[in-house]
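1. Predicted model and sequence follow; I will ask about them next.
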Amino acid sequence: MRVANPLIPLLLAIPFLSLGQSEQGIPVTDPLVVSKCASCHPVDDHAIMQRISFERSTPEGWEEALKRMIRANRVTLTPPEARAIVKYLSAAHGLAPQESKPIMYYVERRIHDETGSIDDTLLDSCAKCHAAARELSWRRSAAEWKEFSEAHLQHYKLPVNESAVALLSKLAPLHTPEWEAWSAKHDTPSLTGRWLVTAHVQGRGQYVGEMEVQPGAADGEFTTRVTLRSLRDGATVLRTGRNVVYDGHEWRGRSKGSNPPLVPGAVPPDDLGSEAREVMWFSPDGATAEGRWYWGQYQEFGFDVKMQRASSAPALIASDTLSLKTASRGNRVRLIGDHLPTSVKSSDVSFGPGLTVKRIISSSPTEIVAEIDVAADASPGKRDISFRTSTLAGALAIYDRVDYVRVTPESSLAAFGAPGFTRGYQQFEAVGFQRGPDGKSHTADDLELGPVDVTWSMEVFYEVEGAKREIVGDVSNNGFFTPAETSPNINYDIWVIATAKNDKKMNGDPLVGKGYVVVTVPFYMFEGRRYVRDLDRWIEDGSATR
C-alpha cells in the first residue's frame with residue numbers, strides 16, 4: 001500500500017516547524033496514529049507531530065519503534081491497529097526506493113562487511129553495537145538526530161559523538177530529492193500477475209521458476225504461489241505465502257513449502273520448505289525485484305531471489321553454466337527462458353567474442369541447449385548471453401585458469417545446542433576466482449567463476465588442551481557445518497577448509513580456501529528473543545499472542 005500524502009506539496013508553502021525544529025516536518029494525517037500516539041507526541045494545528053513528523057524509516061524501523069512503545073509505554077493496540085499504523089508510517093514516513101536499496105542487506109539479515117562502504121566515523125560509533133545500516137535506515141531532521149543521540153546518552157550511557165551526529169544529519173537527512181519525488185507519486189504499479197524467478201541457495205546452486213501474485217484481503221496485501229526447479233538436479237520446490245507491500249516497493253511477508261518432507265517427522269534445519277520471512281525490494285517502475293527469503297534460529301538459511309515481470313515476449317532467465325575455460329570445445333550450455341520459440345538457429349544465440357555456437361542441440365518454450373566452442377585466444381572476462389533481443393548481462397565468465405578458491409561466507413557465526421535451545425548452523429560454498437587484469441589476487445577486478453568441486457574439512461585453533469574436535473561439530477561433504485548438540489560453554493574458533501579436486505596452483509600445490517567460524521554458546525536470552533519474535537508475528541498477521 002502506498003499513501004501519497006496530499007499535504008506534501010504544501011511543505012514549501014507552510015512553515016511546519018515545531019519544538020525547536022528548524023526544518024519542515026511531514027504532516028501526520030492518519031486518525032489512528034494521532035489517537036494512539038498524540039498522548040506522548042503532541043500534534044499541532046498543522047498536523048505536525050512531535051518527533052514522528054521529523055522521522056522516516058523502513059517498515060522494520062517503524063515496527064521496532066512500535067514494539068518499543070508497546071513494551072515500554074504500555075501502548076494498547078489490536079493486531080489490525082498495529083498493522084495499520086506500520087503500513088501508514090512506512091508509506092507516509094518511509095524511504096524512497098533509492099534510499100532503501102543500499103541498506104537492504106540489513107533487513108535481509110545478510111552477513112555483510114560494512115568496511116569500505118560506510119564512513120569510519122559511523123563504524124567507530126554506531127557499528128560498535130550494531131550494523132551502521134540500522135542508523136542509515138532512518139532519515140531524521142538535524143534536531144531529531146541530536147535528540148536521538150541524547151536519548152542514547154540517557155538509556156545506554158554512551159557519550160554523544162558530535163561528529164557522528166553531524167555526519168548522520170548529512171548522510172540521512174529528513175528531506176531528500178528522492179523522497180520528495182517518490183512521495184508525490186500517485187500511480188503505484190500493480191504487482192499482481194506472473195513473475196519469472198531466479199534464486200541461489202548457498203551450497204545447492206541455482207533455481208529457476210515463477211511466482212503467481214494474487215490480491216490479498218486488503219489493499220497492498222498479496223498471496224503468492226511459487227514453483228522453483230533446481231538447475232543442478234531438477235528437484236522442485238513449491239511454496240505459498242502471504243505478503244504486504246509497503247510504500248509500493250518494500251515487500252515483506254512469510255511463505256512456506258507445500259512439498260511433503262522427504263523423511264516424515266525428520267525435517268532437516270535447511271529444508272527448503274521451511275517457513276521463511278520474505279524481504280524484497282521492488283524497482284520504482286515495478287518491473288523487477290530482488291531480496292532474500294530466510295529462516296533459521298539465526299537467519300542462517302535462505303534463498304537469494306531475483307524476479308522480473310513476465311510478458312509475452314521471449315525472455316532469457318538463467319544459464320546453467322557460469323564459466324567456460326579457454327580452448328575448450330563441445331561445451332553443453334543450457335539456457336532457461338520463457339516464451340522461447342521451438343525452432344531456434346545458431347545465429348539466434350550469442351555468447352560474445354571468442355565463443356562460437358556450433359549447433360543448437362534442442363529447444364523448447366522454456367529451454368535452449370547449445371553446444372559452444374571457446375577459442376584458445378578468447379580474452380578472460382564476463383560475457384553477455386543473448387537470444388535475439390533478450391540478454392543476460394555478464395552471465396558467463398571466460399577464464400584460462402583458477403587462481404584461488406574463496407569460501408563463502410568468509411567469516412560467520414554458529415551456535416551450539418543445549419536443552420531448549422536451537423543450534424545455529426552454517427552452509428558454506430567454495431567459489432573459484434581468476435586474478436583480474438591487475439594480476440593480483442583478492443582485488444576488485446578478480447573474475448568470479450562460480451562454485452568449484454572441493455573436499456571439505458575443518459580445523460580447530462586456540463583449542464582447549466585435551467579437547468576433541470567432536471565437541472565442536474563437523475562439516476559434511478557438501479560444506480554444511482553442524483555444531484555439537486551440547487554446549488561446552490566456551491567459544492571455539494575454527495577454519496572450514498575447501499580443497500579443490502580438479503584445480504591446482506601454478507606450482508602444483510592444492511588450491512585451498514578457508515572460512516572463519518566462531519562457534520559459540522546459544523542465545524541464552526531465549527525468552528526475550530521469543531517475545532520479540534512473537535511480537536513481530538503479532539504485528540504482521542496477528543498469529544501470535546502478546
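-> Right, received. Where do you want to start? Numbering: from 1, shown residues only.

2. helices or strands up against the strand or helix carrying Phe433?
-> For Phe433, the host element (DSSP states H and E) is strand 429-434. The contact analysis (3 or more C-beta pairs under 8 Å, 6 or more residues apart in numbering; DSSP states H and E) places strand 429-434 against strand 404-408, strand 447-451, strand 492-504. Every C-beta, even on glycine, is put in place using the N, C-alpha and C of the backbone.

3. Quick one: mean pLDDT for the last one?
-> When pLDDT is averaged over strand 492-504, the result is 94.

4. sorry, back to before: partners of the strand holding Phe433, with directions?
-> Strands flanking strand 429-434 in the sheet, each with its direction: strand 404-408 (antiparallel), strand 447-451 (antiparallel) (DSSP bridges).

5. Mean neighbour count, those strands: which tops it?
-> strand 404-408 (a mean of 21; mean count of other C-beta atoms under 10 Å).

6. count of residues packed around Asp320?
-> Other residues lying near Asp320 total 16 when counted by other C-beta atoms under 10 Å.

7. how many other residues sit next to Ser343?
-> Using other C-beta under 10 Å, the number of residues around Ser343 comes to 8.

8. quick one: contacts for it?
-> Residues in contact with Ser343, defined by C-beta atoms under 8 Å, 6 or more residues apart in numbering, are Ser363.

9. Gly61 is nearest to which of the strands paired with strand 429-434?
-> strand 404-408 (28.6 Å; C-beta to C-beta).

10. quick one, strands of the stretch 1-150 of the chain?
-> 55-57, 138-140 (DSSP state E, counting those that start in this stretch).

11. The closest residue in space to Ala131 that isn't next to it in sequence and Val213: what is the separation?
-> Leaving aside its chain neighbours, Ala131 sits nearest to Tyr106 (5.3 Å; criterion: C-beta to C-beta, 6 or more residues apart in numbering). According to C-beta to C-beta, to the nearest Å, Tyr106 and Val213 sit 25 Å apart.

12. again with Val305
-> 13 Å.

13. hmm, back to that, among the strands paired with strand 429-434, single out whichever gets nearest to Ala430.
-> strand 404-408 (5.3 Å).

14. ok so, going back, right, and the residue nearest to Ala131 touches His130 too?
-> No: the criterion here is C-beta atoms under 8 Å, and Tyr106 misses it with His130 at 9.1 Å.

15. Who has more neighbours out of these two?
-> Neighbours were tallied for Tyr106 and for His130 using other C-beta under 10 Å; the higher tally belongs to Tyr106 (21 against 10).

16. still on that earlier bit, same list (the helices and strands packed on strand 429-434) but as CSV, adding distance to Arg194.
-> Below are the helices and strands packed on strand 429-434 laid out as CSV (distance: least, C-beta to C-beta, whole Å):
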stretch, distance to Arg194
strand 404-408, 32
strand 447-451, 28
strand 492-504, 38
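
17. what ranges do the helices span in the chain?
-> Assigned by DSSP state H, the chain shows helices spanning 31-37, 59-73, 79-92, 97-100, 104-107, 120-124, 132-136, 142-156, 162-171, 177-183, 526-541.

18. lowest confidence element among the helices and strands of the chain?
-> helix 526-541 (a mean of 55; mean pLDDT, DSSP states H and E).

19. tell me the domain ranges of this protein?
-> The chain breaks down by automatic domain parsing into domains covering 8-183, 195-307, 315-399, 404-526.

20. ok, what's across the strand from Arg277?
-> Per DSSP bridges, the residues bridged to Arg277 are Arg254, Tyr294.

21. Now do the same for it: its pLDDT.
-> 96.

22. Kindly report the same for Glu147.
-> Glu147 is given a pLDDT of 91.

23. Skipping adjacent residues, who's closest to it in space?
-> Arg51 (7.5 Å).

24. returning to what we had before: can I get the CA coordinates of the strand holding Phe433 in PDB?
-> Output of strand 429-434 as PDB, limited to C-alpha atoms (Å, rounded to 0.1, in the frame of the first residue of the first chain):
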ATOM      1  CA  GLU A 429      30.200 -22.800  -0.600                       C
ATOM      2  CA  ALA A 430      33.500 -22.800  -2.500                       C
ATOM      3  CA  VAL A 431      33.800 -20.300  -5.300                       C
ATOM      4  CA  GLY A 432      36.600 -20.200  -7.900                       C
ATOM      5  CA  PHE A 433      38.300 -16.900  -9.000                       C
ATOM      6  CA  GLN A 434      40.800 -15.800 -11.600                       C
END
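
25. Was I right to think the residue nearest to Glu147 contacts Glu144?
-> Yes: the criterion here is C-beta under 8 Å, and Arg51 meets it with Glu144 at 6.6 Å.

26. so can I have a markdown table of the helices of the chain showing distance to Asp320?
-> Listed next are the helices of the chain as a markdown table, based on distance: least, C-beta to C-beta, whole Å:
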| stretch | distance to Asp320 |
| --- | --- |
| helix 31-37 | 50 |
| helix 59-73 | 35 |
| helix 79-92 | 38 |
| helix 97-100 | 31 |
| helix 104-107 | 27 |
| helix 120-124 | 40 |
| helix 132-136 | 34 |
| helix 142-156 | 49 |
| helix 162-171 | 41 |
| helix 177-183 | 38 |
| helix 526-541 | 36 |
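
27. mean pLDDT for those helices: which is lowest?
-> If you rank the helices of the chain by mean pLDDT, helix 526-541 sits at the bottom with a mean of 55.

28. Asp285 versus Glu278, what's the distance?
-> Distance from Glu278 to Asp285, by C-beta to C-beta: 21 Å.

29. who has more neighbours, the two?
-> Ranked by neighbour count (other C-beta under 10 Å), Glu278 and Asp285 place Glu278 first, with 23 against 10.

30. Roughly how far does the more buried one sit from Gly473?
-> To Gly473, Glu278 is 29 Å away according to C-beta to C-beta.

31. Just grab the bridge partners of Thr499 for me.
-> Here Thr499, judged by DSSP bridges, has bridge partners Thr455, Val512.

32. Make sure it is actually in contact with Asp509.
-> No: between Thr499 and Asp509 there is no contact under C-beta under 8 Å: 10.4 Å.

33. Give me the more crowded residue out of these two.
-> Between Thr499 and Asp509, Thr499 has the larger neighbour count (other C-beta under 10 Å), namely 14 against 8.
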